[in-house]
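Novice: Here is my input, please return the structure:
(one chain, ligands or ions: 2)
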Amino acid sequence: MLDLTQLPVTHPTGQYAVLVGADLLPNLAEHAHIRGPIALITDSNVGPLHASRCGEVVCVVTIPAGEQHKTLATVQTIYDELLAAGIDREATVVALGGGVVGDVAGFVAATYMRGIDFVQCPTSLLAMVDASVGGKTGVDLPQGKNLVGAFKQPTAVLADITTLQTLPSAEFAAGMAEVVKHGLINNSDLFERLEIGDWRLTNQSPIGNLKSLVATAIAVKRDVVQEDPFEQGRRATLNLGHTFGHAVEQVSGYRVRHGEGVAMGLVAAAHLSAQLGYCDAVLQSRIEAVLQAQHLPTHIPAEFEPKAIYQAMFSDKKKASGKLRFILLRDVGDVFVTGDVAETAVLATLTAVQSA
Ligand SMILES: NC(=O)c1ccc[n+]([C@@H]2O[C@H](COP(=O)([O-])OP(=O)(O)OC[C@H]3O[C@@H](n4cnc5c(N)ncnc54)[C@H](O)[C@@H]3O)[C@@H](O)[C@H]2O)c1
Ligand SMILES: [Zn+2]
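Specialist: Ligands and ions are numbered 1, 2, ... in the order given. Next up is the predicted model:
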């Protein structure tokens, strides 16, 4: 039995633990200190693989897999099923799945009967290292991603590394984009381990190695959100690569995965930073090499017009008062937020990072 890593997270209304380890799901209630009934929310891919491992639950609500189902319509169907199963305020909503399930289930937990307890069991790498920590939940609207939501802190997060073994390799790679991002934001040691190939992992890598990678990447996010729980300052740095990435995702009609958009966005952020004189141009090549080693895209497909991507940036809510905000790099582990970037510079970067 591999040992368990516990990462305590403090937030404005309390504290909880993120547990990282193998085979946590069979002892879900015990690990997460759940005493009442459990309503498990999962998706059509993850449910058949892992729901039966979660011990005794009162009901399993299975939503169709995919970002296109991260909607208010899905939230409504979940409310219906919870009511039909007699779920009340004594119960705990447990999210078992990727970031989509976590965001939707968290929003349900924040709003159902004015809020009930919530536990995250992330099963994708992206959900483990990013989506499940920090308390942000929500759904997409036709106008854009994550436009409706709530802050809802979980009472526990269980990152069961064993579940990664069934994660498709492209989804694992997408999660690695966020791991690379975390290294760039605040952990140069993490970035360098990826760079020298120490942590060139796949979802089939030894559990112990995956566990260290996941725990290290979670700690970066934990440290940032603890400092700025409501995204008033430093937390915005977690959006490194996301202003570009979200816009590419949107212009592609969400055919580009979130993590893939982030990978392209990290390259664009480095290009823009170098163009504006904040960092050395070699940083872009270093980031490209790390992403390519993880089989992630480093160029924006030529079919998406720079002007269309630029326009899409304005429908992303992460802009302060009508102005775009960019996270720029000075070096690995040294990033900052600015709202002061000219359209011509952004368009030049978009053109430069497009594939030929
Ligand atoms: N709340 C936050 O702070 C936050 C942060 C980052 C991202 N997000 C959100 O997270 C979402 C992306 O998360 P994601 O990449 O996990 O997407 P996802 O939930 O769509 O999961 C990706 C795919 O992998 C499948 N899957 C997940 N775990 C599996 C497993 N163990 N075995 C087999 N299949 C598995 C899913 O069914 C899905 O098809 C986006 O909606 C994004 O907005 C939220
Ligand atoms: Zn992200």
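
Novice: Check whether the strand or helix carrying Gly175 comes near ligand 1.
Specialist: Here Gly175 sits within helix 169-186, counting by DSSP states H and E. Yes - legend: contact between helix 169-186 and ligand 1 by Cβ under 6 Å from any ligand atom is shown at 171, 174. Where C-beta positions appear, they are placed from N, C-alpha and C, glycine not excepted.

Novice: tell me what that helix is packed against?
Specialist: helix 125-126, helix 188-195, helix 207-227, helix 258-275, helix 282-293 (3 or more Cβ pairs under 8 Å, 6 or more residues apart in numbering; DSSP states H and E).

Novice: how's this structure carved up into domains?
Specialist: Here the domain parsing of the chain from automatic domain parsing is 5-166, 240-352.

Novice: Ligand 1 contacts on the stretch 51-200 of the chain?
Specialist: 65-67, 70, 97-101, 103, 123-124, 126-127, 130-131, 134, 136, 145-146, 163, 166-167, 171, 174.

Novice: Just those residues: which are in strands?
Specialist: Counted as lying in strands by DSSP state E, out of those, are 97, 136, 145-146.

Novice: picking up where we left off before, deepest of the helices and strands packed on helix 169-186, which one?
Specialist: Highest mean neighbour count among the helices and strands packed on helix 169-186 (mean count of other Cβ atoms under 10 Å): helix 125-126, with a mean of 28.

Novice: residues making contact with that helix?
Specialist: 98-99, 164, 167, 171-172, 174-179, 203, 214, 258-259 (Cβ atoms under 8 Å, 6 or more residues apart in numbering).

Novice: Leu83 and Val104: what is the separation?
Specialist: Leu83 is 17 Å from Val104, where distance means Cβ to Cβ, to the nearest Å.

Novice: which sections of the stretch 201-350 of the chain are below the confidence cut-off?
Specialist: 316-321 (pLDDT under 70).

Novice: of all of it, which residue lies closest to ligand 1?
Specialist: The stretch 201-350 of the chain approaches ligand 1 most closely through His258 (4.7 Å), counting by Cβ to the nearest ligand atom.

Novice: residues near the residue nearest to Phe151 when sequence neighbours are not counted, how many?
Specialist: Leaving aside its chain neighbours, Phe151 sits nearest to Gly135 (4.7 Å; criterion: Cβ to Cβ, 6 or more residues apart in numbering). Using other Cβ atoms under 10 Å, the number of residues around Gly135 comes to 22.

Novice: Per-residue pLDDT of Gly135, please?
Specialist: In this model, Gly135 is scored at 94, pLDDT.

Novice: And it, how close does it get to Asn239?
Specialist: Gly135 is 16 Å from Asn239, by Cβ to Cβ.

Novice: do the same with His295
Specialist: Distance check for His295 against Asn239: by Cβ to Cβ, it reads 23 Å.

Novice: Identify the residue spatially nearest to the residue in the stretch 151-300 of the chain that ligand 1 sits nearest to, adjacent ones excluded.
Specialist: Using Cβ to the nearest ligand atom, the closest approach of the stretch 151-300 of the chain to ligand 1 is made by Thr166 at 3.6 Å. Spatial nearest neighbour of Thr166, chain neighbours left out: Leu49 (5.0 Å); criterion: Cβ to Cβ, 6+ apart.

Novice: same check, this time on Cys279
Specialist: Ser273 (4.6 Å).

Novice: So the one you found is in contact with Leu283, correct?
Specialist: Yes - checked against Cβ atoms under 8 Å, the pair Ser273 and Leu283 is within contact range at 7.2 Å.

Novice: Can you check which residues contact both of those two?
Specialist: Joint contacts of Ser273 and Leu283 (Cβ under 8 Å, 6+ apart) are Leu329.

Novice: Would you enumerate the residues in contact with the nearest residue to Thr92 once chain neighbours are set aside?
Specialist: Among residues not flanking Thr92 along the chain, Asp117 sits closest, at 4.1 Å (Cβ to Cβ, 6+ apart). Listed by Cβ under 8 Å, 6+ apart, the contact set of Asp117 reads 34, 36, 91-93, 109, 155.

Novice: ok, of those, which one's closest to ligand 1?
Specialist: Ala109 (12.7 Å).

Novice: Packing partners of the helix or strand encompassing Thr349?
Specialist: Using DSSP H and E, Thr349 sits in helix 343-352. When contacts are defined as 3+ Cβ pairs under 8 Å, 6+ apart, helix 343-352 packs onto helix 258-275, helix 306-313.
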